[in-house]
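K.L.:
Predicted coordinates and the sequence they were generated for:
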Amino acid sequence: MREITIRVPDFTLRNMLLFTLLLGSAVFIWYYKGRIVEPKHVHEESESGPGETVVLTVEALHNANIKILEVERRPLKEWLEAAGVVEPDLNQVARVRSLGRGIVRRVLVRPGDAVEAGQPLFEYDNIELGELLGEYKALLSQKKKLEARVRLTEQSVDRARGLVAAQALAQKELEIRIAEQREAQAELEAHAENLNAVDGKLALFGMSPDRWTLSGGSSSVSSVKAPQSGVILDFQIAPGEVLATDQEVMTIANLGHVWVIASVYERDLGRVKTGQTAEISFVTFPDRTFSGRITQVAQRLDPETRTAKVRVEVENRDKQLRLEMFGAVRLPTQDPRIVPAIPETALQQVDGKNAVFVQTKAHEFQRREVELGHKADGWVEVTHGLKPGERVVTQGSFYLKSTLLKETLQEEH
């Protein structure tokens, strides 16, 4: 019988260690290669229409700081839109009048000028002031005579008392002199009241007795000053013009607070409520929205347009809003509608269309085109594309959009 000998290779310890290391490396690579999934997107069909899905790794999901919110039906304000125009706040308008008759001497301002409270506006020869100054001068002269008479009657009474005490004068004569003294005192007091009345009239023209006395009492020129700060609007005055008593010559409006008057159709008036906040936009300021409070809904309709005026009060501290500016006014209605809504932060523009990302699995997010309705307070109505209960990305959707576009470009190339 033939004998066969099989020779087994002689492995050294070094070769065994090398073989073990190579085997372990292969197993490690095979295992983790199956675990790592790069962000990618795949085309999928959903109940709401076609979409694309982005798949994230655990690490990518964490880095994107994704936040999710379930779609729910919530009350959302509905807005009415109306044309509006900027008007002055009538509570902030001062009407400048001439207090007396006269002739305009100098006009110191022009229409559209900004003025400060107390700033001189115009000067005029005040006929009434001249008459009052003459009357005041006569009263002062008469006052001295009456005071002298009172002093004489007082001295007469004192002498009579001494004579009556010495039995050189009858008591009846003393009583007559006392009556004369009281009459003179009463006449002086009545005269003082007349003098105070004229003094009060002079004060209305900005003239005090001391100032008149120091100036010699010959000037009857009055200076009319601005009662408040603001902008000069209506202007009906010129040098040489004759002024009538209490004639309105200009108005000054403080434009730091204005009204926006919106015209609302009759059918919508029942939906507007005072106290709510309205929003106004202007072509001049395309990137800014002004807000104001609805303070009045007019009780009378325009018979031709069948609209009523709705007043919105707006702060205008920076004076950007100018009178007669036209704007688009959005008025909230009284009763909000209950609709499916999502935060505006969830929206992205993909291929020029509104889209959101819906979480379909733990690490998968599907792009979904949506149709929108009304917006209010950072929320937007979804009219098509989402259902209540679906989970929408409200933060981190831009990261998903970027990943989606990146993968699409790679596939195209």
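P.N.:
Okay, I see it.
K.L.:
Geometric centre of this protein: which residue is closest?
P.N.:
Closest residue to the average C-alpha location of the chain: Glu315 at 2.2 Å, with CA atoms, centre = their mean.
K.L.:
State the distance from that residue to Gly200.
P.N.:
To Gly200, Glu315 is 39 Å away according to CB to CB, to the nearest Å. C-betas here are computed from N, CA, C, even on glycine.
K.L.:
So Leu204 sits against Ser98, correct?
P.N.:
No: the pair Leu204 / Ser98 is not scored as a contact, 11.4 Å apart, by CB atoms under 8 Å.
K.L.:
Quick check: chain neighbours aside, which residue is closest to the residue nearest to the centre of the chain?
P.N.:
Spatially, and ignoring its direct neighbours in sequence, Glu315 is nearest to His257 (6.0 Å; CB to CB, 6 or more residues apart in numbering).
K.L.:
for Gly270, what are its contacts?
P.N.:
Applying CB atoms under 8 Å, 6 or more residues apart in numbering, we find Gly270 in contact with Gln334.
K.L.:
beta partners for the residue nearest to Pro111 when sequence neighbours are not counted?
P.N.:
Counting by CB to CB, 6+ apart, the nearest residue to Pro111 once its immediate chain neighbours are dropped is Phe235, at 4.1 Å. With DSSP bridges applied, Phe235 shows beta-bridge pairing to Met250.
K.L.:
how far away is Phe235 from Asp125?
P.N.:
Distance, Phe235 to Asp125, by CB to CB: 20 Å.
K.L.:
again, but for Gln155
P.N.:
For Gln155, the distance to Asp125 equals 46 Å [CB to CB].
K.L.:
and what of Ala328?
P.N.:
Ala328 sits 51 Å away from Asp125, going by CB to CB.
K.L.:
Same question for Glu87.
P.N.:
Distance from Glu87 to Asp125, by CB to CB: 36 Å.
K.L.:
more crowded one of Gln155 and Asp125?
P.N.:
Asp125 (17 against 12; other CB atoms under 10 Å).
K.L.:
Export the host helix or strand of that one to PDB, keeping only CA atoms.
P.N.:
Using DSSP states H and E, Asp125 sits in strand 120-126. In PDB, the C-alpha atoms belonging to strand 120-126 read as follows (Å, rounded to 0.1, in the frame of the first residue of the first chain):
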ATOM      1  CA  PRO A 120     -43.500 134.000  16.300                       C
ATOM      2  CA  LEU A 121     -45.700 133.500  13.300                       C
ATOM      3  CA  PHE A 122     -46.800 137.000  12.200                       C
ATOM      4  CA  GLU A 123     -47.100 140.500  13.500                       C
ATOM      5  CA  TYR A 124     -50.000 142.900  12.900                       C
ATOM      6  CA  ASP A 125     -51.100 146.400  14.000                       C
ATOM      7  CA  ASN A 126     -53.700 145.600  16.600                       C
END
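K.L.:
by contact count, what packs against the helix or strand in which Glu131 is found?
P.N.:
If you go by DSSP H and E, Glu131 is part of helix 127-165. On a contact count with 3 or more CB pairs under 8 Å, 6 or more residues apart in numbering; DSSP states H and E, helix 127-165 meets strand 102-107, helix 171-204, helix 209-214.
K.L.:
Quick one: list the elements packing against the lengthiest strand in the chain.
P.N.:
Assignment by DSSP state E gives strand 285-297 as the longest strand of the chain. With contacts taken as 3+ CB pairs under 8 Å, 6+ apart, strand 285-297 sits against strand 257-265, strand 277-282, strand 307-315.
K.L.:
Output those strands as a markdown table; include the columns mean pLDDT and distance to Lys401.
P.N.:
Below are the helices and strands packed on strand 285-297 laid out as a markdown table (pLDDT from 0 to 100; distance: least, CB to CB, whole Å):
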| stretch | mean pLDDT | distance to Lys401 |
| --- | --- | --- |
| strand 257-265 | 96 | 38 |
| strand 277-282 | 94 | 28 |
| strand 307-315 | 96 | 37 |
